[in-house]
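1. Sequence and predicted structure below; questions after.
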Amino acid sequence: MPQRYDNYPRIAVVTGADSGIGKACAVALAEAGFAIGITWYGDRAGAERTATEIRGTGGRCEAAEMDLTRLPDAAAVIDKLADRLGGLGVLVNNAGTGLAAPFVDVTWRQWRDVLAVDLDGPFVCSQRAARRMRTAGRGGRIINVTSVHEHAPRVGASAYCAAKGGLGLLTKVMAQELAADGITVNAVAPGEISTPMTGQEDVDPFTQERSGVPVGRPGDAREVAAVVTLLASPAAAYVTGASWPVDGGMLLMGPQASTLPSSWRFR
């Protein structure tokens, strides 16, 4: 008979949680009863604000810096946080970076930096998390924050799209291989979200109009965090290998692309 795996530790590590989607995910998981480990890079003050907000909910929080361009050793932070918190039940691979440049102008170093953070990082962090979860024998959850560009290209984002597309397919392979251990693996694919990464820090998305999005506005990071929290819960035990767009319907708009102005080309 298949074994139930719903008693994994209510301990989650969220990478890149010093701002934006990562911060929202960490706080939402803390509100759902998880102890939280957060990683950050270059923004200690942001990480401290996230930790303070988590502790304000009554939750436990540990924080550590992690530079995903220094792989594979940097991923040891996942084990260190898990040790400090007393286990690991959920990993949210959120840390990411981007690049806006024509494909022919992207340097090898730029290409490698984006791939390191957005694809290599989740790979090595997930390996560490999966090994711990498998050894504990209680199941777990791995959630990869990808992008709508896991599914659709964007002019000027060759490295980013390659990394997110790769992470989407890696998610499916991980889901196949880890299901027998009670470890589900899913992707969450945000569209345009009002965060520092999109140049919209402290912008209320409900005050912005987006005619190309059916919902008509950008998203709020907490709307992404709500889906991550669902996938992290025991209630989502039968969901694995899926990619959940949180994009206000953006990906549905392909057939309407002919209505875009000619200025869309990246030149």
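-> Okay, I see it. Keep in mind the model is a prediction, meaning the values are calculated, not measured.
2. so where do the helices sit in this protein?
-> 20-31, 44-56, 76-85, 108-115, 121-136, 158-178, 221-232 (DSSP state H).
3. which of the residues in the fifth one are buried?
-> Looking back up the chat, that one is helix 121-136. Residues of helix 121-136 classed as buried: 121-126, 128-130, 132-134, 136 (neighbour count, 16 or more other CB atoms under 10 Å). (Each C-beta comes from the backbone N, C-alpha and C, glycine too.)
4. distance between that helix and the chain's centre?
-> Relative to the mean C-alpha coordinate of its chain, helix 121-136 is positioned 15 Å out (CA atoms, centre = their mean, to the nearest Å).
5. quick one: contacts of that helix?
-> Applying CB atoms under 8 Å, 6 or more residues apart in numbering, the external contacts of helix 121-136 come out as 8-9, 13, 15, 68, 71-72, 74-76, 78-79, 82, 87-89, 91, 93, 95, 139-140, 142, 144, 167, 170, 174, 178, 181, 183, 185.
6. ok, of those, which come out buried?
-> By neighbour count, with 16+ other CB under 10 Å, those hold 8-9, 13, 15, 68, 71, 74-75, 78-79, 82, 87-89, 91, 93, 95, 139-140, 142, 144, 167, 170, 174, 178, 181, 183, 185 as buried.
7. Which ones among those map onto strands?
-> Per DSSP state E, strands hold the following members of the buried ones among the contacts of helix 121-136: Val13, Leu91, Asn93, Gly140, Ile142, Asn144, Ile183, Val185.
8. Ala17 contacts Asp43, doesn't it?
-> No. Contact between Ala17 and Asp43 fails when scored by CB atoms under 8 Å: they sit 10.1 Å apart.
9. Neighbour count: the two, which is higher?
-> Ala17 (30 against 15; other CB atoms under 10 Å).
10. I'd like to check which residues are in contact with the more buried one.
-> Lys23, Cys25, Ala26, Ile36, Ile38, Thr39, Trp40, Ala47, Thr50, Asn94.
11. For those, give me a markdown table that also has pLDDT and distance to Tyr238.
-> Output for the contacts of Ala17, formatted as a markdown table (pLDDT from 0 to 100; distance: CB to CB, whole Å):
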| residue | pLDDT | distance to Tyr238 |
| --- | --- | --- |
| Lys23 | 96 | 29 |
| Cys25 | 97 | 22 |
| Ala26 | 97 | 25 |
| Ile36 | 98 | 25 |
| Ile38 | 98 | 28 |
| Thr39 | 98 | 29 |
| Trp40 | 96 | 33 |
| Ala47 | 96 | 34 |
| Thr50 | 96 | 31 |
| Asn94 | 98 | 24 |
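12. From those residues, pick the one nearest Thr195.
-> Set against Thr195, the nearest of those by CB to CB is Lys23 (8.9 Å).
13. count of neighbours near the closest one?
-> Lys23: 28 neighbours (other CB under 10 Å).
14. ditto for Ser211
-> 7.
15. separation between the closest residue to Ala163 other than its chain neighbours and Asp73?
-> Spatial nearest neighbour of Ala163, chain neighbours left out: Asp118 (3.5 Å); criterion: CB to CB, 6 or more residues apart in numbering. Counting by CB to CB, to the nearest Å, the gap from Asp118 to Asp73 is 18 Å.
16. These two: which is more packed in?
-> Between Asp118 and Asp73, counted using other CB under 10 Å, the more crowded position is Asp118 (28 against 9).
17. Would you mind measuring from the more buried one to Gly165?
-> Plainly put, Asp118 is 10 Å away from Gly165 if you go by CB to CB.
18. quick revisit: of the helices of the chain, which is nearest Ala101?
-> Closest among the helices of the chain, using CB to CB: helix 108-115, at 7.1 Å.
19. tell me what the closest one is packed against?
-> Applying 3 or more CB pairs under 8 Å, 6 or more residues apart in numbering; DSSP states H and E, we find helix 108-115 packed against helix 158-178.
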